[in-house]
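[1] here's a sequence, model it:
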Amino acid sequence: MALETLFPKSMRTLLLLLLCLAFLSANAQEDAYGDGEYFKFRVHYGFVTAGYATLEVKDTYLNGRPVHHVKGEGRTVGLSKWFFNVEDYYQSYIDKTRDVPHRFIRKIDEGGHTKDIQIDFNHDSGIARVHNKKHKKVENVAFPKEAQDMVSAFYYLRNHLDTEKIEVGETLDMNMFFDKENFKFRLKFLGREELDTKFGKIPTLIFRPYVQAGRVFKEKESLTVWVSDDKNKMPLLIKAELAVGSLKATLTEFKGLKHSFRIKVD
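    Numbering: from 1, shown residues only. Predicted coordinates:
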């Protein structure tokens, strides 16, 4: 069994899974996250740890604008690293007022397959400057209004979508811009469930994104995510049904939450 099959295109998959946090804020007027928030996930196939991934938020400035600087990192560990080494780095600079990305960086090494891309968004002109540093090529590509990158979308939706009136089966579409392509992302709300975690029993919301079926995923509805049913909307468990079994990402560490974390006590 090829290890590449178990770890589809590295942590890009985890970032896509995190977009499952779509209907994310119980209070659309109050930010769900802020400076210092940090998540760490264990990515595993059964009992075998394939790697770890992190997401961290730091407040800073970009070209004089106040922004949330989000860093996402993913890497394989142990035997997985020897068979198929993955070192992925994603960054997004998100406008603190408008919740749109000004810059997106993707630098990856996946078993020797590398990419180094920086995208600068001009939301006034609707043009993105895509700089492929590996191939020393720059392109200007049009993108739709309010388009998000793969990292900023997660945080945008946490701030802007209201879950109080959401109904089971309800779906959401949003514009995404990745590398140099525009596409639609769709998410479906599955319901609520109490999840038993290392932190205790936590009320959760369950979502499923629609992804393209093909070599990696068994079908369009192969991804599921459980997030805390509170103002943080913290990802707790992410599951991908692959052709060879289930790949999971489990939250193992967190800090810097903006709101209280709710745990159910028996």
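[2] rest of the way, CA atoms for contacts and neighbours
    OK.
[3] residue ranges with poor pLDDT in the stretch 51-200 of the chain?
    For the stretch 51-200 of the chain, residues meeting the criterion pLDDT under 70 lie at 161.
[4] mind listing the helices for this protein?
    Using DSSP state H, the helices of the chain run over residues 3-6, 12-18, 78-83, 152-160.
[5] so what does the longest one touch, helix or strand wise?
    Using 3 or more Cα pairs under 8 Å, 6 or more residues apart in numbering; DSSP states H and E as the contact criterion, the secondary-structure elements in contact with helix 152-160 are strand 86-95.
[6] may I see the buried residues of the strand it packs on?
    86-95 (16 or more other Cα atoms under 10 Å).
[7] adding distance to Val48, write these out as TSV.
    Listed next are the buried residues of strand 86-95 as TSV, based on distance: Cα to Cα, whole Å:
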residue	distance to Val48
Val86	16
Glu87	18
Asp88	20
Tyr89	23
Tyr90	25
Gln91	28
Ser92	30
Tyr93	34
Ile94	35
Asp95	38
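[8] now stretch 66-78, how far from the centre of its chain.
    Relative to its chain's centre, stretch 66-78 lies at 10 Å (Cα atoms, centre = their mean, to the nearest Å).
[9] tell me which residues of it come out buried.
    67-77.
[10] can I get those in JSON lines with distance to Ile166?
    Below are these laid out as JSON lines (distance: Cα to Cα, whole Å):
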{"residue": "Val67", "distance to Ile166": "30"}
{"residue": "His68", "distance to Ile166": "28"}
{"residue": "His69", "distance to Ile166": "30"}
{"residue": "Val70", "distance to Ile166": "28"}
{"residue": "Lys71", "distance to Ile166": "30"}
{"residue": "Gly72", "distance to Ile166": "29"}
{"residue": "Glu73", "distance to Ile166": "32"}
{"residue": "Gly74", "distance to Ile166": "32"}
{"residue": "Arg75", "distance to Ile166": "35"}
{"residue": "Thr76", "distance to Ile166": "37"}
{"residue": "Val77", "distance to Ile166": "39"}
